[in-house]
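Participant: structure of the sequence below:
(one chain, ligands or ions: 3)
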Amino acid sequence: MSKHKDINNNASRDDIGSNALGPLTQNASAQMPSHPNIGLNAATQPLTRSASGWHPKVFIKTFGCQMNSRDSEALSGLFVDRGYRIVEKADDADVILVNTCSVRAHAENRAISFLGSLKSIQNSKFKIKNCQSPKVIGLIGCMARNLGEEIYKKMPHVNLICGPGCLDKIPDYIKKVSEKGSRIIDLEDRDRNEELYSLSFKVDSDRAGVVISTGCSNYCSYCVVPYVRGNLRPRNHQNIVDEVKNNIKAGVGKITLLGQNVNDYHYQFKIQNSKLKIITFVDLLKMISDLEGLKEVDFISSNPRNSSVELFKLMAERSNIKKHLHIPFQSGSDRVLKSMNRGYAIADYLDTIKKYKEIVGGSLSADIIVGFPNEEEDDFLATKSVVEKVEFKYAYIFKYSPRLGTAAANMVDSVSTEYKEKRHKELLDLQKQISRKLQKKC
Ligand code: SAH
Ligand code: SF4
Ligand code: F3S
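Facilitator: Numbers count the residues shown, from 1 in each chain. Ligands and ions are numbered 1, 2, ... in the order given. Next up, the predicted model:
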């Protein structure tokens with residue numbers, strides 16, 4: 001498949017944006033850390049085409065995880081650096097970008113619905129004020145990789161489609177689309193230019209997200225992330241440390257390290273005599289914790305497969321490492337875990353939790369999936385039992401959503417919607433009770 005097309009705006013139209021809107025984390029026990037629209041303090045100057053260049057107004061709507069929020073923030077940095085304005089309403093913008101998530105069907109449906117609603121904006125205010133170009137309406141992020149080609153065909157008002165590997169190219173593509181009135185689709189999976197992370201635009205003045213790696217090579221059988229984000233790509237440790245230093249210098253002392261599985265982080269480079277040196281996640285965390293002025297560092301997510309005692313010892317030792325661990329277990333049943341390709345048994349998970357409690361003594365949170373193909377009542381009871389035993393501060397509980405192209409999508413989705421709903425509610429209620437009990441203890 002050609003990953004980069006530059007085509008005139010003549011594709012046929014057939015809207016697919018008819019799904020109902022609802023909150024992204026509708027089937028989660030608590031809202032994921034919020035997924036804000038970016039740039040609420042943006043200036044509202046009119047569009048100008050002047051000697052100093054074109055300064056369009058950009059609106060970014062973000063769906064998905066904290067990684068996506070950080071991507072939108074970093075992209076906003078690129079825009080601000082080029083003199084573009086970030087605005088808070090789609091109606092005010094010359095460029096509307098929808099940064100999307102494919103992890104569950106619900107997240108995709110919301111983005112499709114939003115993209116569909118932009119058709120009227122494109123039609124009613126088709127041209128950017130005082131110039132002949134159409135508005136730029138862009139589908140970016142994970143869903144671009146999953147459904148980009150389909151949306152390219154079905155939504156001609158969407159004239160820019162870019163996967164997560166092309167984030168740093170978006171400002172140039174916007175210029176091209178607006179100047180030529182063409183459409184661009186680029187879904188190539190490639191390394192991002194480090195410039196993306198070096199700009200200081202921040203949405204939150206208190207805490208900064210810092211990406212330590214993109215993608216994931218674990219291929220859990222239900223998960224679309226490796227397909228849409230690509231395999232694990234660790235960033236150079238020195239660039240990460242420099243980004244944290246820049247945040248501290250700018251007065252942002254709290255840092256959240258972001259990776260699909262932070263424990264998978266390992267950056268390899270050559271030292272003298274062609275010997276290889278490997279920086280592990282624990283090494284990186286130590287370097288960051290050592291930085292002068294750092295108030296607090298935390299990280300998300302940890303994989304039970306490789307959360308080590310070494311990590312817990314470091315967490316216990318350092319006062320500026322937050323005493324909280326987000327460690328998804330997905331299911332309490334070994335049979336289901338095997339079918340999910342998670343790479344651990346539930347006894348291993350519980351052993352890791354025991355060590356964490358002994359060594360760190362901090363709080364815990366998790367992700368859980370109910371209604372995975374062939375999940376029996378006994379499997380579900382095993383999941384409930386883990387929730388009771390561990391006592392998470394909070395947990396994100398999801399109903400299984402088949403994702404095309406993943407291994408689990410070929411399994412018969414045998415659990416009825418009724419059972420999925422029932423198990424989801426039962427687990428949510430249980431978790432709520434535990435969260436309340438823990439809150440009272442504090
Ligand atoms: N890398 C993280 C998870 C990223 S996706 C980790 O492995 O911990 C966030 C969560 O979405 C997952 O932990 C899982 O609980 C949920 N999830 C992923 N794919 C899903 C699917 N197909 N259906 C339902 N929930 C899913
Ligand atoms: Fe998805 Fe599994 Fe990778 Fe997490 S570890 S992103 S659930 S494949
Ligand atoms: Fe969604 Fe992509 Fe994050 S699929 S969960 S936005 S990595």
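Participant: show me the contacts for the residue of the stretch 251-400 of the chain found nearest ligand 1.
Facilitator: Relative to ligand 1, the nearest point of the stretch 251-400 of the chain is D367 (3.3 Å; C-beta to the nearest ligand atom). Quick note: C-beta positions are derived from backbone N, CA and C, even for glycine. By C-beta atoms under 8 Å, 6 or more residues apart in numbering, D367 lies in contact with 301, 326, 328-330, 395-398.
Participant: with secondary structure and distance to ligand 2 added, can I get those in TSV?
Facilitator: Putting the contacts of D367 into TSV (DSSP: H, G, I helix; E, B strand; the rest coil; distance: C-beta to the nearest ligand atom, whole Å) gives the following:
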residue	secondary structure	distance to ligand 2
S301	coil	7
H326	strand	12
P328	coil	7
F329	coil	11
Q330	strand	8
A395	strand	15
Y396	strand	12
I397	strand	15
F398	strand	11
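Participant: check these against ligand 1, which are close?
Facilitator: Restricting these to those near ligand 1 by C-beta under 6 Å from any ligand atom leaves 301, 328, 330, 398.
Participant: pLDDT at the residue lying closest to the second one once chain neighbours are set aside, what is it?
Facilitator: Of all residues not flanking P328 in the chain, D367 sits nearest, at 3.5 Å (C-beta to C-beta, 6 or more residues apart in numbering). With respect to pLDDT, D367 scores 98.
Participant: how about E149?
Facilitator: 96.
Participant: with the ones next to ligand 1 among the contacts of D367 in mind, which one is nearest to N68?
Facilitator: Sorting those by distance to N68 puts S301 at the head of the list, at 13.9 Å, by C-beta to C-beta.
Participant: now the phi/psi pair for the closest one, please.
Facilitator: With angles defined as degrees, to the nearest 10, S301 sits at phi -110, psi 160.
Participant: burial count for it?
Facilitator: Neighbourhood size, S301 [other C-beta atoms under 10 Å]: 20.
Participant: please report how far the residue nearest to it when sequence neighbours are not counted lies from I255.
Facilitator: Once flanking residues are discounted, S301 sits nearest to H326: 5.2 Å by C-beta to C-beta, 6+ apart. Note on H326: its distance to I255, by C-beta to C-beta, to the nearest Å, is 15 Å.
Participant: just D81 next, same as before
Facilitator: 22 Å.
Participant: those two: which is more packed in?
Facilitator: I255 (26 against 14).
Participant: could you look up the SS state of that one?
Facilitator: Here I255 is recorded as strand under DSSP: H, G, I helix; E, B strand; the rest coil.
Participant: residue contacts, it?
Facilitator: If you count contacts by C-beta under 8 Å, 6+ apart, I255 has them with 207-210, 244, 247, 288, 294, 296-298.
Participant: what's the answer for E292, then?
Facilitator: Contact analysis of E292 by C-beta under 8 Å, 6+ apart lists I248.
Participant: around ligand 3, which positions in this structure sit nearby?
Facilitator: With the criterion set to C-beta under 6 Å from any ligand atom, the chain comes near ligand 3 through 64-65, 67-68, 101-103, 142, 224-225, 228-229.
Participant: between the residues you listed, which sits nearest ligand 1?
Facilitator: Distance to ligand 1 across the residues of the chain next to ligand 3 (C-beta to the nearest ligand atom) is lowest for V103, with 4.8 Å.
Participant: count the neighbours of the closest residue to that closest one other than its chain neighbours for me.
Facilitator: Leaving aside its sequence neighbours, V103 sits nearest to V224 (C-beta to C-beta, 6+ apart; 6.2 Å). Residues lying near V224 (other C-beta under 10 Å) number 23.
Participant: give me every residue that touches V224.
Facilitator: Going by C-beta under 8 Å, 6+ apart, V224 touches 102-103, 142, 146, 403, 405-406.
Participant: what subset of the residues you listed is buried?
Facilitator: Neighbour counting over the contacts of V224 (16 or more other C-beta atoms under 10 Å) leaves 102-103, 142, 146, 403, 406 as the buried ones.
Participant: farthest pair in the residues you listed?
Facilitator: Maximum distance among these (C-beta to C-beta): 13.3 Å, for C142 and T406.
Participant: longest strand in this protein, by residue count?
Facilitator: Longest strand in the chain, counting residues (DSSP state E): strand 363-370.
Participant: is ligand 2 within reach of that strand?
Facilitator: No: judged by C-beta under 6 Å from any ligand atom, strand 363-370 makes no contact with ligand 2; its nearest approach is 7.9 Å.
Participant: report the buried residues of that strand.
Facilitator: Neighbour counts over strand 363-370 (16+ other C-beta under 10 Å) mark 363-370 as buried.
Participant: any idea which of the residues you listed is closest to C166?
Facilitator: Once C-beta to C-beta is applied, the member of the buried residues of strand 363-370 that ends up nearest C166 is D367, at 27.9 Å.
Participant: okay, that closest one and F392: tell me how far apart.
Facilitator: Going from D367 to F392 by C-beta to C-beta gives 10 Å.
Participant: so is the longest helix anywhere in the chain next to ligand 1?
Facilitator: The residue-count maximum for a helix in the chain (DSSP state H) belongs to helix 417-441. No: shown here: helix 417-441 not in contact with ligand 1 (C-beta under 6 Å from any ligand atom), separated by at least 10.1 Å.
Participant: packing partners of that helix?
Facilitator: Contacts defined by 3 or more C-beta pairs under 8 Å, 6 or more residues apart in numbering; DSSP states H and E place helix 417-441 against strand 363-370, helix 377-390, strand 394-399.
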